[in-house]
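Participant: Give me coordinates for this.
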Amino acid sequence: MTKIAVIIPAYNEAGSIANVIHDIPRVVKNIIVVNNNSTDETENNAIKAGATVLTETRKGYGHACLKGIYYLANEQEKPDIVVFLDGDYSDYPEELIKIIEPILNNNIDFVVGARSKELREEGSLTPQQIFGNWLATFLMKHLFGSKFTDLGPFRAIKYDALLGLNMQDKTYGWTVEMQLKALKQKLSYTEVPVKYRRRIGVSKVSGTIKGSIFAGIKILSWIFKYSFK
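Facilitator: Here you go, the predicted model:
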């Protein structure tokens, strides 16, 4: 049976994290929430919902994801597929089945859940997020021949392929780093259209001007760094 692990970075997601965990399909036996220095009840709520909770005191989306990967690497039984999912309940966790299907049925290495316009709830992405996604994927298309249309955080990848990427980004550039490295290593990849709704709570990135600027700079720096390699 295919072993699936889900890594959920979470910073102050007390109001949503239990919903996320409860909606993950039961085919997943290993749900890992990485509590990224939360000051609310995120940790307790995740434990009560049945997840394994890790603590990462260094703030940053990438730090949290790397903590989850490190944990899996030290487990006796390794997963076949790793799924990354946000803790804010903006994605629909039950669509995990759709996300992993290309890996299971077509031996694809890497799948991104694309938040297509027709499936998005109005207002679920801010104007700066929409523009940032467009710009990043436009540049990847013209610089690397990419077919990506989104930097969606809901994604699945074969465990061995994930290790081979040697992920490094500690903060906002995590998603684009993964996609750029997948392109560079010529992993097979595809996108699956997924639904997207308004998150519970306020975004720590797109919800602030500072966060939006830093995220944009980090994403563009990864793209231009790889364009000269």
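Participant: can we go C-alpha only for contacts and neighbour counts from here?
Facilitator: OK.
Participant: For V112, which three-state class applies?
Facilitator: Following DSSP: H, G, I helix; E, B strand; the rest coil, V112 is assigned to strand.
Participant: what's near enough to touch it?
Facilitator: Contacts for V112 (Cα atoms under 8 Å, 6 or more residues apart in numbering) come out as 99, 150-156, 189-192.
Participant: Which residue would you name as the spatial centre of this protein?
Facilitator: Geometric centre of the chain, nearest residue: P153, 3.1 Å, by Cα atoms, centre = their mean.
Participant: So for that residue, what's the pLDDT?
Facilitator: pLDDT recorded at P153 is 96.
Participant: can you check W134 too?
Facilitator: Taking W134 on its own, its pLDDT is 89.
Participant: pull the CA atoms of the host helix or strand of it into CSV?
Facilitator: Assigned by DSSP states H and E, W134 falls within helix 127-144. Only the C-alpha atoms of helix 127-144 are listed here, as CSV (Å, rounded to 0.1, in the frame of the first residue of the first chain):
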residue,chain,number,x,y,z
PRO,A,127,-4.5,41.2,-6.1
GLN,A,128,-0.8,41.0,-5.2
GLN,A,129,-0.9,37.2,-5.0
ILE,A,130,-2.6,37.0,-8.3
PHE,A,131,-0.1,39.3,-9.9
GLY,A,132,2.8,37.6,-8.2
ASN,A,133,1.7,34.2,-9.4
TRP,A,134,1.3,35.5,-12.9
LEU,A,135,4.7,37.2,-13.0
ALA,A,136,6.5,34.2,-11.5
THR,A,137,5.0,31.6,-13.8
PHE,A,138,5.4,34.0,-16.8
LEU,A,139,9.1,34.2,-16.1
MET,A,140,9.5,30.5,-15.6
LYS,A,141,7.7,29.8,-18.9
HIS,A,142,10.0,32.1,-20.8
LEU,A,143,13.2,31.4,-19.0
PHE,A,144,12.9,27.6,-18.5
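Participant: Point out the other helices and strands that the next helix or strand along the chain from it packs with.
Facilitator: Next along the chain after helix 127-144, taking DSSP H and E as the criterion, comes strand 155-158. For strand 155-158, the packing partners by 3 or more Cα pairs under 8 Å, 6 or more residues apart in numbering; DSSP states H and E come out as strand 81-84, helix 96-106, strand 110-114.
Participant: Spell out, range by range, the helices that occur in this protein.
Facilitator: 17-23, 42-48, 61-73, 96-106, 127-144, 159-165, 174-184, 209-227 (DSSP state H).
Participant: Which of these has the lowest mean pLDDT?
Facilitator: Ranked on mean pLDDT, the bottom entry among these is helix 209-227, at a mean of 67.
Participant: deepest of the helices and strands packed on strand 155-158, which one?
Facilitator: Of all the helices and strands packed on strand 155-158, strand 110-114 has the most neighbours on average by mean count of other Cα atoms under 10 Å, namely a mean of 26.
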